[in-house]
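Participant: pasting the structure only:
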């Protein structure tokens, strides 16, 4: 059986949202709507000036090379396959560069299967309509010795979390308030038992990794 | 003018609650109701085995003396006066030991003023009915060179926070999920601008202190 861990890794506002209100397909071309783009940028601020991110997205040379950067790089390197929801894919489909930033297979949970979609640089999107368990089984086959990342959104994370499939997760607590948006956790997370694996203090964000007790 | 800082210092569940569902006066004698007592104990778990806490509440010798313990002690020592809501007071009135754990003046926000109430060990409760600004003005006079702590509950913290009075705050992120309860932040915290002052990794809890930008 696969030793791959199932994990997620998200930035959260201090009031518990992983995406601001208004950040949805309908307003993709209207960044002023609820100022979603500005809010999103504040949430992810720490990422933009890391060398690994800049290199990956071909934003140019330079960037920080400290602990924050190493965390980004380690998370990328451990990921053999990603799982995401359809809405996240539809948003990303419009915003990712042609060379989508995954460079691995990506399983998209959907009700409407379409042909797989191969991008330059090693990312191929596969569309899975049999639910989260079937997608996880496919992911285990595709992951090899590496781990499986639930890319998002919040709803997909919660489904895997509340079904007891998640092994560990990292939250990057970012000093921003959204007021409204997509909450990371739902009331159904009540029964979860977790322990801190590691917490890392940084200037702009606090990283905490938790292990789910089974 | 007083140099005292206004701050709060609370433990939060990972899903953002500072008190579990069911922890209210009506169920004070029924710890099995929604298992509130067990949930509360998990939230505060890291505190119970710190030397400073054990000594303060006369729970016996021993206890940890590391960074967690120093944080508790520093928070106590910096506090010249506390402000709390009426519901927190009514709960505490039943549960605090005779020697209440504040050892300073405590201002209780209420609509029904009663005579101040002096406890052995230096805690005196004063009842203030003129609102949060009047209470803060009184607190500045009482604090001396020390700081002013908003003890809780969440509603009082939010009132001070959203009115722009809070200078800094510490959240102890505790690896527990409540599902429901008293959320630390409300949607009205949206406009707040904060920066990380310090994050401290620890085994059972992650401490993060934020400064509010004015």
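Facilitator: In hand now; what should we look at? Values in this document were obtained by computation on a predicted structure and should not be read as measured data.
Participant: what's the spacing between the residue sitting nearest the centre point of chain A and chain B?
Facilitator: Geometric centre of chain A, nearest residue: residue A:151, 3.1 Å, by CA atoms, centre = their mean. Distance, residue A:151 to chain B, by CB to the nearest CB, to the nearest Å: 20 Å. C-beta: built from backbone N, CA, C; applies to glycine.
Participant: who does the strand or helix carrying that residue touch, helix- and strand-wise?
Facilitator: Using DSSP states H and E, residue A:151 falls within strand A:147-152. Helices and strands touching strand A:147-152, as assessed by 3 or more CB pairs under 8 Å, 6 or more residues apart in numbering or on different chains; DSSP states H and E, comprise strand A:6-13, strand A:79-85, helix A:132-143, helix A:154-162.
Participant: around chain B, which positions in chain A sit nearby?
Facilitator: Contact residues, chain A versus chain B (CB under 8 Å from any CB of the partner chain): A:14-16, A:171, A:173, A:175-180, A:184-185, A:187-192, A:194-196, A:198-206, A:208, A:210.
Participant: now do the phi/psi pair for residue A:51.
Facilitator: phi -60, psi -40 (degrees, to the nearest 10).
Participant: for the residue nearest to it when sequence neighbours are not counted, what are its contacts?
Facilitator: Once flanking residues are discounted, residue A:51 sits nearest to residue A:63: 3.4 Å by CB to CB, 6 or more residues apart in numbering or on different chains. Going by CB atoms under 8 Å, 6 or more residues apart in numbering or on different chains, residue A:63 touches A:49-55, A:69.
Participant: just residue A:126 next, same as before
Facilitator: If you count contacts by CB under 8 Å, 6+ apart, residue A:126 has them with A:105-108, A:116, A:138.
Participant: in a markdown table, list the helices and strands packed on strand A:147-152 along with mean neighbour count.
Facilitator: Shown next, in a markdown table, are these (neighbours: other CB atoms under 10 Å in any protein chain shown):
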| stretch | mean neighbour count |
| --- | --- |
| strand A:6-13 | 22 |
| strand A:79-85 | 23 |
| helix A:132-143 | 18 |
| helix A:154-162 | 20 |
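Participant: ok, which of these comes nearest residue B:78?
Facilitator: Among the helices and strands packed on strand A:147-152, strand A:6-13 comes nearest to residue B:78, with 27.6 Å by CB to CB.
Participant: taking the mean pLDDT, what do you get for the closest one?
Facilitator: Averaged over strand A:6-13, pLDDT sits at 97.
Participant: circling back to that earlier point, state the pLDDT value of the residue nearest to the centre of chain A.
Facilitator: Residue A:151 is assigned a predicted lDDT (pLDDT) of 97.
Participant: now the residue nearest to residue A:51: phi and psi?
Facilitator: Backbone torsions for residue A:63, taken as degrees, to the nearest 10, come to phi 110, psi 160.
Participant: tell me what the one helix or strand residue A:107 maps to is packed against?
Facilitator: Secondary-structure element containing residue A:107, defined by DSSP H and E: strand A:105-109. Packed against strand A:105-109, as judged by 3+ CB pairs under 8 Å, 6+ apart, are the following elements: strand A:79-85, helix A:86-95, strand A:124-128, helix A:132-143.
Participant: least reliable of those going by mean pLDDT?
Facilitator: When those are ranked by mean pLDDT, helix A:86-95 comes last with a mean of 91.
Participant: in it, what's buried?
Facilitator: Within helix A:86-95, the residues that count as buried by 16 or more other CB atoms under 10 Å in any protein chain shown are A:86-89, A:91-92.
Participant: check which helix or strand covers residue A:178.
Facilitator: Under DSSP H and E, no helix or strand contains residue A:178.
Participant: over to the one 4 residues further on?
Facilitator: Assigned by DSSP H and E, residue A:182 belongs to strand A:181-183.
Participant: how far away from the center of its chain is the next helix or strand after that strand?
Facilitator: The first helix or strand that comes after strand A:181-183 along the chain, using DSSP H and E, is strand A:194-201. Centroid displacement of strand A:194-201 relative to its chain, using CA atoms, centre = their mean, to the nearest Å, is 18 Å.
Participant: quick one: strands adjacent to strand A:194-201?
Facilitator: Under the criterion DSSP bridges, strand A:194-201 sits next to strand A:206-212 (antiparallel) in its sheet.
Participant: next, the angle from the partner strand to helix A:154-162.
Facilitator: Relative orientation of strand A:206-212 and helix A:154-162, computed by axes from the mean of the first three to the mean of the last three CA atoms, to 10 degrees: 40 degrees.
Participant: and the angle from strand A:206-212 to strand A:6-13?
Facilitator: Computed by the same axes, to 10 degrees, the angle separating strand A:206-212 from strand A:6-13 equals 140 degrees.
Participant: who touches strand A:206-212?
Facilitator: By CB under 8 Å, 6+ apart, the residues outside strand A:206-212 that reach it are A:68, A:71, A:161, A:164, A:166-173, A:192-200, B:14, B:173, B:175, B:196, B:199, B:206, B:208.
Participant: by contact count, what packs against the strand holding residue A:182?
Facilitator: Applying 3+ CB pairs under 8 Å, 6+ apart, one finds that strand A:181-183 contacts strand A:17-20, helix A:154-162.
Participant: surely residue A:177 and residue B:192 touch.
Facilitator: Yes. Residue A:177 is in contact with residue B:192 according to CB atoms under 8 Å; the separation is 4.9 Å.
Participant: more neighbours: those two, which one.
Facilitator: residue A:177 (24 against 20; other CB atoms under 10 Å in any protein chain shown).
Participant: check what pLDDT that one gets.
Facilitator: On the pLDDT scale, residue A:177 gets 95.
Participant: check contacts around it.
Facilitator: A:13-15, B:185, B:189-192, B:194.
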